[in-house]
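Colleague: Structure, please.
(one chain, ligands or ions: 2)
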Amino acid sequence: MTAECAAHEGTPATGSCTRCGRFACDACLDGRRPGWCSACANRPGARLEVSGRAKVVLFLSVVGVMLPPLALVGWWLGRSTQPLEADEPLLRGARWLQWTALVLWGLGGVLWFGQR
Ligand SMILES: [Zn+2]
Ligand SMILES: [Zn+2]
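Modeller: Numbers count the residues shown, from 1 in each chain. Ligands and ions are numbered 1, 2, ... in the order given. Predicted coordinates for the structure are as follows:
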């Protein structure tokens, strides 16, 4: 799977925006602001702050690796929220952690019960 440009579907990404972190293609990165994607170049003043909710989701996911029920809560919160632009990398990381927790605990459960 190759990364696609966030703005141009089907166009392989050649890098990521240094501002928002989204994948971008050559056309996007060579815009008015080198290293920035076209979305960021179009609104340089847009605030890129992470919402408190996304931080909670990430926190729950980190703790959730040890305590899976919290990962579930984080997953639910992450799903029910409309993410801000700046939240995306955070939520992506949180989702990855949630999956890791799920797989680890799933494997642990299989091994545990397999021994009996
Ligand atoms: Zn950007
Ligand atoms: Zn593009």
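Colleague: Run a quick neighbour tally on residue 32.
Modeller: 10 (other Cβ atoms under 10 Å). Glycine gets a C-beta too; all of them are placed from N, C-alpha and C.
Colleague: Which residue, neighbours along the chain excluded, lies closest to it?
Modeller: residue 41 (4.8 Å; Cβ to Cβ, 6 or more residues apart in numbering).
Colleague: Tell me the predicted confidence for the residue nearest the centre of the chain.
Modeller: In the chain, the centroid-proximal residue (Cα atoms, centre = their mean) is residue 92; its distance is 1.5 Å. For residue 92, the model assigns a pLDDT of 90.
Colleague: Can you tell me the SS state at it?
Modeller: The three-state label given to residue 92 by DSSP: H, G, I helix; E, B strand; the rest coil is helix.
Colleague: With residue 8 instead?
Modeller: At residue 8 the chain is in coil, as set by three-state DSSP.
Colleague: so who does it touch?
Modeller: Counting by Cβ atoms under 8 Å, 6 or more residues apart in numbering, residue 8 touches 25, 27-28.
Colleague: any idea how far ligand 1 is from it?
Modeller: 13 Å (Cβ to the ion, to the nearest Å).
Colleague: Can you pull out the residues in contact with the lowest-mean-pLDDT helix or strand in the chain?
Modeller: Scoring the helices and strands of the chain by mean pLDDT, DSSP states H and E places helix 38-42 at the bottom, with a mean of 83. Residues outside helix 38-42 that contact it (Cβ under 8 Å, 6+ apart): 6-7, 17, 19-20, 22, 24, 27-28, 31-33, 46, 85.
Colleague: Next step: the residues you listed restricted to helices.
Modeller: Among the contacts of helix 38-42, the members found in helices (DSSP state H) are 27-28.
Colleague: Scan the contacts of helix 38-42 and report the most crowded one.
Modeller: Highest neighbour count within the contacts of helix 38-42, by other Cβ under 10 Å: residue 24, with 30 neighbours.
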